[in-house]
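>>> Structure, please.
(one chain, ligands or ions: 1)
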Amino acid sequence: MSSPGTALLNRLHEQSTAETMARARAQFHGSSEELADLAEQYGALVPRLRGRFLRENGLSSEDAESSQGVELLLAISAGMGQFLRNMVLAHRPSRILELGSSCGVSTLYFAEALRTLGSGTVIATERDAAKCAQLREHIRTAGVESYVDLREGDVFKTVAELGGTFDIVFIDIWADAYLRLFRQVEPLLRPGSIVLADNMYTAEDAVQAYKHYLEHSPRFSSTTLDFESGVEFTVVVS
Ligand SMILES: C[S@@+](CC[C@H](N)C(=O)[O-])C[C@H]1O[C@@H](n2cnc3c(N)ncnc32)[C@H](O)[C@@H]1O
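Modelled structure (predicted):
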């Protein structure tokens, strides 16, 4: 990535980590030392145990409807960003649909990968106006405006207005809405499309209906990657 983009992403990752720690501190009833100890244990866990660990310790990372209006980036990690970047470089999509863009961390990874390929568009979606304003500023700073089409507003309304098909879809809104949103996106998928959904471990309970639907539909081949916050990797078969 270009240096303005790299510096920006480093800053946004630092900000997001600091916000997550501040949220944990507000939720946690023990001392700072105990919280630091928990953070270390969390980091050492295999990803699929992380959601349960947080719940058992009275902490929540579920990006659910209750987070609406909260001024947090809730951004993907750098590791997840690198994974999205590689997905784009390997699959060479013309059209990417990003559902839940916040201030644009995942958007920046997608857009930068498209710039490396020299073509393609990521449609970013976000309903929080302040986050949209920041996203616009971030893509300008990184110089990737020509690869991003931001649709501000409710994602269900945005998706209803879309046509054609998408090569990659990334789902990262509130986890309890994944299935309803996926059902709406289905007509925009073609055989070979890839759908990635974040937070399969950190929002384990909220995503059960989504996982169950994928497991029982012959149109999709799906597996949960034991990686970061748990990524559902779904390929459209037919
Ligand atoms: C986990 S954050 C997305 C993080 C982003 N992918 C990143 O890596 O920076 C989820 C975002 O989805 C947005 N969101 C949730 N429900 C939405 C809806 N119905 N329509 C549009 N945006 C929504 C929230 O405002 C929030 O900013």
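>>> For the rest of this, base every contact and every neighbour count on C-alpha atoms.
OK.
>>> okay, now the domains of this structure?
The record's domain parsing of the chain by automatic domain parsing lists 4-56, 78-236.
>>> Ok, which of these comes nearest residue 72?
With Cα to Cα as the measure, domain 4-56 is the member of these nearest residue 72 (6.7 Å).
>>> Could you export the helix or strand bottoming out on mean pLDDT in the chain as CSV, CA atoms only?
Least confident helix or strand of the chain, by mean pLDDT, DSSP states H and E, is helix 50-56 with a mean of 86. Provided in CSV are the C-alpha atoms of helix 50-56 (Å, rounded to 0.1, in the frame of the first residue of the first chain):
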residue,chain,number,x,y,z
ARG,A,50,-12.5,-16.3,22.1
GLY,A,51,-16.2,-15.4,22.0
ARG,A,52,-16.9,-17.8,24.9
PHE,A,53,-14.0,-16.5,26.8
LEU,A,54,-15.2,-12.9,26.5
ARG,A,55,-18.8,-13.9,27.6
GLU,A,56,-17.5,-15.9,30.5
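>>> which residues touch stretch 23-41?
57-60 (Cα atoms under 8 Å, 6 or more residues apart in numbering).
>>> hang on, the earlier thing: which SSE is immediately downstream of the least confident helix or strand of the chain?
The helix or strand immediately downstream of helix 50-56 is helix 78-91, counting by DSSP states H and E.
>>> name the helices or strands packed onto that following helix?
Judged by 3 or more Cα pairs under 8 Å, 6 or more residues apart in numbering; DSSP states H and E, the packing partners of helix 78-91 are helix 105-117.
>>> Identify the residue spatially nearest to residue 108, adjacent ones excluded.
Nearest residue to residue 108, sequence neighbours excluded (Cα to Cα, 6 or more residues apart in numbering): residue 139, at 6.7 Å.
>>> Cross-check the contact I'm expecting between the one you found and residue 149.
No. Using Cα atoms under 8 Å, residue 139 makes no contact with residue 149, being 10.4 Å away.
>>> More neighbours: which of these two?
A direct count of neighbours by other Cα atoms under 10 Å for residue 139 and residue 149 places residue 139 higher, at 23 against 15.
>>> Export only the CA atoms of the helix or strand containing the more buried one, formatted as CSV.
If you go by DSSP H and E, residue 139 is part of helix 129-142. The C-alpha coordinates for helix 129-142 follow below in CSV (Å, rounded to 0.1, in the frame of the first residue of the first chain):
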residue,chain,number,x,y,z
ALA,A,129,-23.5,9.9,8.7
ALA,A,130,-20.5,10.8,10.8
LYS,A,131,-18.7,7.5,9.9
CYS,A,132,-19.5,8.1,6.2
ALA,A,133,-17.9,11.5,6.4
GLN,A,134,-14.7,9.9,7.9
LEU,A,135,-14.7,7.2,5.3
ARG,A,136,-14.8,9.7,2.5
GLU,A,137,-11.9,11.6,4.1
HIS,A,138,-9.9,8.3,4.5
ILE,A,139,-10.3,7.2,0.9
ARG,A,140,-9.2,10.6,-0.2
THR,A,141,-6.2,10.5,2.0
ALA,A,142,-5.2,7.1,0.7
